[in-house]
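Next input, structure requested:
(chains A and B)
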Amino acid sequence: AQKITQTQPGMFVQEKEAVTLDCTYDTSDPSYGLFWYKQPSSGEMIFLIYQGSYDQQNATEGRYSLNFQKARKSANLVISASQLGDSAMYFCAMREGHGNNRLAFGKGNQVVVIP
Amino acid sequence: DAGVTQSPTHLIKTRGQQVTLRCSPKSGHDTVSWYQQALGQGPQFIFQYYEEEERQRGNFPDRFSGHQFPNYSSELNVNALLLGDSALYLCASSLVPGLAGDYEQYFGPGTRLTVT
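Numbering: from 1, shown residues only, chains lettered A, B, ... in the order given. Predicted coordinates for the structure are as follows:
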């Protein structure tokens, strides 16, 4: 069964606008962590943001914020003030259990920022 | 501060051959994980090494093996290559699981393997 689901088709977003990327997850472990990575065409996975299952506040890192809705098992990424350099694939990932940093990834969302 | 490095960048092999990919972790990290990313897919976990031993393994056949050296660098070996092994192979480094900050995983640029 898929642990991470990203189902949005490719998205076009206007420069300077915000974009929300959806991610739902499936786990029965009370301790888990959720990640978002950016992968430009060069291939390198760039860490953006992390949310632990016990974190009380939604994670934020600069223009990135994570809308964590635990009961709905969703962890959507919000990118504010989009820039041309934000054009990339975006992957949601999860690790389960304490002391485990093996990641399960979704299939990714393609974002293209247009001027 | 050197990040994760991988070599080679690209590789072309013939079906049935063997390949070795290399990874050096980010400075201060001692755990290395390998992932396979097929075209259009998310990365799939292959295995993880720390203290020079394989600690976790994903759903990959024994043709995939690895090694970690005392300096924490790692190799991924794939024997009897199949066309389906064509993919981007990513290495990620982190701290030993269970330590504070162990969630931080940094990825290298990957090795793109093409099997013909």
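
Below-threshold pLDDT in chain A: ranges please.
For chain A, the stretches with pLDDT under 70 are A:1, A:99.

So what does the residue nearest the centre of chain A look like in phi/psi?
Nearest residue to the geometric centre of chain A (Cα atoms, centre = their mean): A:Trp36, 3.4 Å. A:Trp36 adopts backbone torsions of phi -130, psi 130, taken as degrees, to the nearest 10.

Help me confirm that it comes into contact with A:Asn67.
No - applying Cβ atoms under 8 Å, one finds A:Trp36 not in contact with A:Asn67, separated by 11.1 Å. For glycine as for every other residue, the C-beta is placed from the backbone atoms N, C-alpha and C.

Tell me, how many residues neighbour residue 64?
All of this refers to chain A. 16 (other Cβ atoms under 10 Å in any protein chain shown).

that answer is for a different chain, and I need it for chain B
B:Phe64, neighbours per other Cβ under 10 Å, totals 18.

Any idea what it is bridged to?
Per DSSP bridges, the residues bridged to B:Phe64 are B:Val78.

thinking it is in contact with B:Phe47, fair?
Yes - between B:Phe64 and B:Phe47 there is a contact at 7.3 Å, judged by Cβ under 8 Å.

In the chain, mark out all the strands, start to finish.
If you meant another chain, say so; for now it's chain A. With DSSP state E as the criterion, chain A has strands at A:4-5, A:11-14, A:19-21, A:24-25, A:32-39, A:46-52, A:60-61, A:64-69, A:74-79, A:88-96, A:104-105, A:109-114.

um, chain B though
Going by DSSP E, chain B shows strands at B:5-7, B:10-13, B:19-24, B:31-37, B:44-50, B:53-57, B:64-68, B:74-78, B:87-94, B:106-107, B:111-115.

Can you check what angle separates the fourth one from strand B:87-94?
Looking back up the chat, that one is strand B:31-37. Relative orientation of strand B:31-37 and strand B:87-94, computed by axes from the mean of the first three to the mean of the last three Cα atoms, to 10 degrees: 160 degrees.

Next, the angle strand A:32-39 makes with strand B:31-37.
60 degrees.

Okay, buried residues for stretch B:80-95 please.
B:Leu81, B:Asp85, B:Ser86, B:Ala87, B:Leu88, B:Tyr89, B:Leu90, B:Cys91, B:Ala92, B:Ser93, B:Ser94, B:Leu95 (16 or more other Cβ atoms under 10 Å in any protein chain shown).

Would you mind listing what in chain B touches chain A?
Counting by Cβ under 8 Å from any Cβ of the partner chain, the residues of chain B close to chain A are B:31, B:33, B:35, B:40-45, B:48, B:56, B:58, B:88, B:90, B:92, B:94, B:97-98, B:102-110, B:112.

What subset of these is buried?
B:31, B:33, B:35, B:42-45, B:48, B:58, B:88, B:90, B:92, B:94, B:97, B:102-103, B:105-110, B:112.

what residues are up against B:Ala87?
Shown in contact with B:Ala87 (Cβ atoms under 8 Å, 6 or more residues apart in numbering or on different chains): B:Gln36, B:Gln37, B:Ala38, B:Leu39, B:Arg112, B:Leu113.

rerun that using 6 Å as the cut-off
B:Ala87 makes contact with B:Gln36, B:Gln37, B:Ala38, according to Cβ atoms under 6 Å, 6 or more residues apart in numbering or on different chains.

same check, this time on A:Ile114
Applying Cβ under 6 Å, 6+ apart, we find A:Ile114 in contact with A:Phe12.
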